[in-house]
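Student: Sequence first, predicted model second:
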Amino acid sequence: MQTPATTSPSKVYSLTQVAQSIRLALERATANRSWLVKAEILKISEGLGQKTVYLDLVEEQGGRQTAKMRGVIWPQNGAEIQSELGEETSSILKSGSEVVFSARIQFHERFGLSLFIDRVDLRHMLGEMERRKQATLAQLKKLGALQWNKRIPLPTLPQKVALVGSPGTSGFRDFVTKTLGHPNRFNIQIKAYASGVQGANAPEQLKNALLEAQASQPDLIVIVRGGGSKLDLDAFNDFGLCEAIASCAVPVWTGIGHESDLVVADLVAQRALKTPTDAAVALTDAFEETAYTLELMAQKIERRFNLWNQGQQSSMVQFRKTLEWAGKNALAQRQVEITGFQKMLSIQGYLLIDRQRRSVAELEHRCTRAGRQFIDFMRRELQNDGRRIQQATHQQLQHKRIELGRSQSLIRTLHPAQTLKRGFMLLKRGDAVLTKTSETQKGELLQLEGNDGSIPIRIEGNPDQLD
């Protein structure tokens, strides 16, 4: 009989043991060496150089996080980093910045995996940025794109301006304030298209804002950024953004706020200004130059008008004198003509009045004679009409008398007395004449009236049964 084989139980490790194993394995693998790491700062705490600073580091591809890790900067390391970066520290170590740093990889049983940063490799970051910049520039030169936007003519007065940038930043406010707050209050309309201006997503956001601005068909597109370190300006070396600027159908100005070196966006734009304020001044200068030119033209026109007006006034004085002399001569001639005409009217007036008086007398005689003739004619017509009416009335009366005699003869012929004379008799109930036997009743006493009198009769049977 075989005894069942016994199996040894599986070993159970505590969480601390697992964490310690991971820490030891990582220490053996890294040998406590420092590694150069490139990542984007998602979040960073305050107090660099004074207390421990914690960072949330991420890497993104296509808008999706592919890695995330915690970073730690001890106070001593923070002070060294701050001393090395100087004034650019705050513009480099901030949310949205992509940095290259030297760090040791350590695992702690309670706090997990962390990158302990001891130095920011600025030279490596600048070198990488310069490499990308030169690669972008080479691609654009190969396409011949550096002159595309420069060939687009700028309107003399670009009134409709599309502003691409980050609202709320100092550069954005400086451009708007300098443009709209100009003392001459030029008619400039600014429409803002918001976009981030630094960080990994800035190039795509700037490109989308630029395309949206172009779709609104402005006179000018201005891209602004309120300064920053060289690393902060790396978004403006992106090939996709720079190609979009070069291909834009609207003139594009840049006011990115760099101190010395130009970014590629400056090279493909129609005009590159140093700061947003410079861009605003360049825009308002165009209006000021036009206003100055118009003022000079107005002064020139005013001077020419004054000279012309003086000449016209001299001509008017001479013309007035000529008119006065000609008027006096014409008036004297007209007075002579009027005097002669008055004399002629006096003579002709008497003759005309006498002629008209004779004409009126003749017309009065004719009217009187014609009126008498018309009255005589109408009197004769009335007499003739009276005779005709009298004859017609007499004939009508004769005709009516004949018709009346005929009617009286017919009435006498149809009178019941004439009917009785012919041998007929009337059956009456009182004064009513009965025309049907069905109107009589059995036992009723009626009168039978003849030509010479009436006799009473009584109905003995039902009239309907009489044969």
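Tutor: Perfect, thanks for sending it.
Student: Let me know the secondary structure of Leu57.
Tutor: Under DSSP: H, G, I helix; E, B strand; the rest coil, Leu57 falls in the strand class.
Student: and if you look at Lys442?
Tutor: coil.
Student: again with Thr435
Tutor: Per three-state DSSP, Thr435 ends up coil.
Student: From Ile92, how far out is it?
Tutor: 141 Å (CB to CB, to the nearest Å). C-beta here means a position set from N, CA and C on the backbone, and glycine is covered the same way.
Student: Surely Asp234 is in contact with Arg131?
Tutor: No. With contact defined as CB atoms under 8 Å, Asp234 does not reach Arg131; the gap is 10.9 Å.
Student: between the two, who's got more neighbours?
Tutor: Each of Asp234 and Arg131 has its neighbours counted (other CB atoms under 10 Å); Asp234 has more, 25 against 11.
Student: For that one, give me its contacts.
Tutor: 98, 129, 132-133, 198 (CB atoms under 8 Å, 6 or more residues apart in numbering).
Student: Local confidence estimate at Ile152?
Tutor: Note for Ile152: predicted pLDDT of 90.
Student: what does Val72 give?
Tutor: Value for Val72, per-residue pLDDT: 90.
Student: Please apply the same query to the one 10 residues further on.
Tutor: Each residue has a pLDDT score; the one for Gln82 is 85.
Student: quick revisit: among the contacts of Asp234, which are located in strands?
Tutor: Among the contacts of Asp234, the ones falling in strands (DSSP state E) are Glu98.
Student: And the contacts of Asp234, which is the shakiest by pLDDT?
Tutor: Lowest pLDDT among the contacts of Asp234: Met129, 69.
Student: how deep is Phe186 tucked in, by neighbour count?
Tutor: 17.
Student: Looking at Thr435 and Ile92 now, which is surrounded by more residues?
Tutor: Taking other CB under 10 Å, Thr435 and Ile92 do not tie; Ile92 has more neighbours (20 against 9).
Student: Quick check: that one touching Val120?
Tutor: Yes. In this structure, Ile92 is within contact of Val120 by CB under 8 Å, at 6.7 Å.
Student: Any chance you could list residues touching both of the two?
Tutor: 85, 99.
Student: Next secondary structure after the top helix by length along the chain?
Tutor: Counting by DSSP state H, the longest helix found in the chain is helix 276-414. Later in the chain than helix 276-414, the nearest helix or strand by DSSP states H and E is helix 416-421.
Student: follow-up on the earlier one: off-centre distance for the longest helix of the chain?
Tutor: 53 Å (CA atoms, centre = their mean, to the nearest Å).
Student: For it, name the packing helices and strands.
Tutor: helix 170-180, strand 220-224, strand 252-255, strand 271-273 (3 or more CB pairs under 8 Å, 6 or more residues apart in numbering; DSSP states H and E).
Student: can you pull the buried residues of the first one?
Tutor: Applying a neighbour-count criterion of 16 or more other CB atoms under 10 Å, the buried positions in helix 170-180 are 171-172, 174-176, 178-179.
Student: re earlier: between the helices and strands packed on helix 276-414, which one is nearest to Gln447?
Tutor: helix 170-180 (129.9 Å; CB to CB).
Student: who does the helix or strand just after the closest one pair up with?
Tutor: Past helix 170-180, further along toward the C-terminus, the next helix or strand under DSSP H and E is strand 189-194. With DSSP bridges as the test, strand 189-194 is paired with strand 160-165 (parallel).
Student: quick one, the partner strand and strand 220-224 angle?
Tutor: Strand 160-165 and strand 220-224 are oriented at 20 degrees to each other (axes from the mean of the first three to the mean of the last three CA atoms, to 10 degrees).
Student: What average pLDDT does strand 160-165 get?
Tutor: 89.
Student: I'd like to know how far Val161 sits from Ser247.
Tutor: Taking CB to CB, one finds Val161 at 20 Å from Ser247.
Student: the more surrounded of the two?
Tutor: A direct count of neighbours by other CB under 10 Å for Val161 and Ser247 places Val161 higher, at 23 against 15.
Student: Specify the beta-bridge partners of the more buried one.
Tutor: Ile190, Leu220.
Student: From Lys207, how far out is it?
Tutor: In terms of CB to CB, Val161 sits 19 Å off from Lys207.
Student: what does Arg358 give?
Tutor: In terms of CB to CB, Arg358 sits 110 Å off from Lys207.
Student: And Thr419, by the same measure?
Tutor: For Thr419, the distance to Lys207 - CB to CB - is 130 Å.
Student: quick one, which of these two is more surrounded?
Tutor: Lys207 (19 against 14).
Student: Validate this expectation: Asp96 resides in a strand.
Tutor: Rather than Asp, residue 96 is Gly. No. Under three-state DSSP, Gly96 sits outside any strand and is assigned coil.
Student: Next up, phi/psi of it, please.
Tutor: phi 100, psi -10 (degrees, to the nearest 10).
Student: Excluding chain neighbours, what is closest to it?
Tutor: In space, and not counting its chain neighbours, Gly96 is closest to Gly199: 3.3 Å by CB to CB, 6 or more residues apart in numbering.
Student: my guess is the one you found contacts Val99, does it?
Tutor: No. Here Gly199 does not reach Val99: they are 11.3 Å apart, not a contact under CB under 8 Å.
Student: what residues do these two have in common as contacts?
Tutor: Common neighbours of Gly199 and Val99 (CB under 8 Å, 6+ apart) are Glu40.
Student: Tell me how the chain divides into domains.
Tutor: 15-120, 129-289, 419-465 (automatic domain parsing).
Student: Among those domains, single out whichever gets nearest to Gln395.
Tutor: Of the domains of the chain, nearest to Gln395 by CB to CB is domain 419-465, at 36.8 Å.
Student: Just the mean pLDDT for that closest one, thanks.
Tutor: pLDDT averaged over domain 419-465 gives 78.
Student: Could you check how far Asp219 is from Lys160?
Tutor: Asp219 is 5 Å from Lys160, by CB to CB.
Student: Tell me the spacing between Gln159 and Thr290.
Tutor: 11 Å.
Student: er, Pro276 I mean
Tutor: Pro276 is 22 Å from Thr290, by CB to CB.
Student: Compare neighbour counts for the two and give me the winner.
Tutor: More neighbours surround Pro276 than the other of Pro276 and Thr290, with 31 against 13 (other CB under 10 Å).
Student: which residues sit in contact with that one?
Tutor: Contacts of Pro276 by CB under 8 Å, 6+ apart are 165, 171-172, 174-175, 178, 222, 224-226, 255, 257.
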